[in-house]
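Colleague: here is a sequence with its predicted model. Questions after.
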Amino acid sequence: MIIILKRAWQSFSLALRDRTVLSFYLGVPLALGMFFALSQSGTEPLVGIEGHLVYWLISTLLSWQFLAIGSKLVALVLKPFKAPFIAILIAGFALGIVLWVPVSIVRDILVDGYVQEGQVLKSTSRYTDIVVTISNWTLGIGIWVSVNYFYLFVLGVSRFNYSADSKKVQRFRSWLLSTELSDEHSDFKQSRSPRLHNRLSKPGDILALIAEDHYTRVILQNREELIYIRFKDAIAEMQGQNGFQTHRSYWVSEEAAVGYSEQGHSASIKLLNDRDIPVSRSFRQAIKRQLGSLSFA
């Protein structure tokens, strides 16, 4: 049990390093909570901005997590049947709301002291107005679907075991953002974009991959990203870009390698961004043959 808890905590802590994870699970609901609180949307009976902030920040932060849990559970059941992504999101939203309603009672207790005298704050669990309920669900589903589609088709981040096709991501980015997807400052170009690019928070040339437990660290020209994918699966998703392993935990793009050096028992490859990648003894001869045109030190 201790080992399981330790591994769960390690996975959680690594996930928190991923900016896309933080932005989706914390940034988006916080932004929504601030917007609804400042606009006092549906919380007129509350007194003071504090009451509105407590109500909406608790509501958006917690309910957002339940929507994610609901969508994940629905995806596990329906994805094997090739259910469309939007169906997963809508069904996951419904399940998430069902899970959230009992918890919303705690929120109502916390904001009870902010309710104006003679006023009643309608609780999520006590809505009887069908028009209001339909309106709230329509707005909620619209936000949930829009945000997830943005992360999937603009940022290229997999959502609930769904990954976007790279061509669709590029078309959607071009249409929505009207920006060039290729990096103008790139030192090398690729004939075909590997699928691993879909998992990056923004486009960039992949120089190397490093295994880190159940995650893979992606080395780019001017930054790094830690993504949740096994190392061997990450290498498989680099098909279309020539590269090779230098170590059981390292993979390098062939076009990113600019030098090879050996010093005693150690050897390394230098990348375009001046980073050194270690080369284990079992890979040295094959790499020397493959990089015969490079300068050796």
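Modeller: Alright, I've got the coordinates. Please read all numbers here as calculations on a predicted model, not as lab measurements.

Colleague: show me what counts as buried in the helix or strand containing T20.
Modeller: According to DSSP states H and E, T20 maps onto helix 19-22. If you call a residue buried by 16 or more other C-beta atoms under 10 Å, then helix 19-22 has these buried ones: T20, V21. All C-beta spots, glycine's among them, are computed from the backbone N, C-alpha and C.

Colleague: just how off-centre is that helix within its chain?
Modeller: From the chain centre to the centre of helix 19-22 is a distance of 6 Å (C-alpha atoms, centre = their mean, to the nearest Å).

Colleague: kindly report the same for stretch 273-286.
Modeller: Using C-alpha atoms, centre = their mean, the offset of stretch 273-286 from its chain centre is 30 Å.

Colleague: quote the end-to-end distance of it.
Modeller: One end of stretch 273-286 to the other measures 23 Å (C-alpha to C-alpha, to the nearest Å).

Colleague: can we start the residue count at 50 from this point?
Modeller: Yep, numbering from 50; the last one is stretch 322-335 now.

Colleague: got the buried residues for it?
Modeller: Under 16+ other C-beta under 10 Å, the buried positions of stretch 322-335 are N322, I326, V328, F332.

Colleague: pretty sure S310 contacts V328?
Modeller: No: at 9.2 Å, S310 and V328 do not qualify as touching, with contact defined as C-beta atoms under 8 Å.

Colleague: so what sits against both of the two?
Modeller: Common neighbours of S310 and V328 (criterion: C-beta atoms under 8 Å, 6 or more residues apart in numbering): A316, S317.

Colleague: follow-up on the earlier one: elements contacting the helix or strand following the helix holding T69?
Modeller: Under the assignment DSSP H and E, the closest C-terminal helix or strand after helix 68-71 is helix 77-88. Under the contact definition 3 or more C-beta pairs under 8 Å, 6 or more residues apart in numbering; DSSP states H and E, helix 77-88 sits against helix 97-127.

Colleague: any regions of the stretch 200-346 of the chain where pLDDT drops low?
Modeller: Counting by pLDDT under 70, the stretch 200-346 of the chain has low-confidence residues at 213-241, 341-346.
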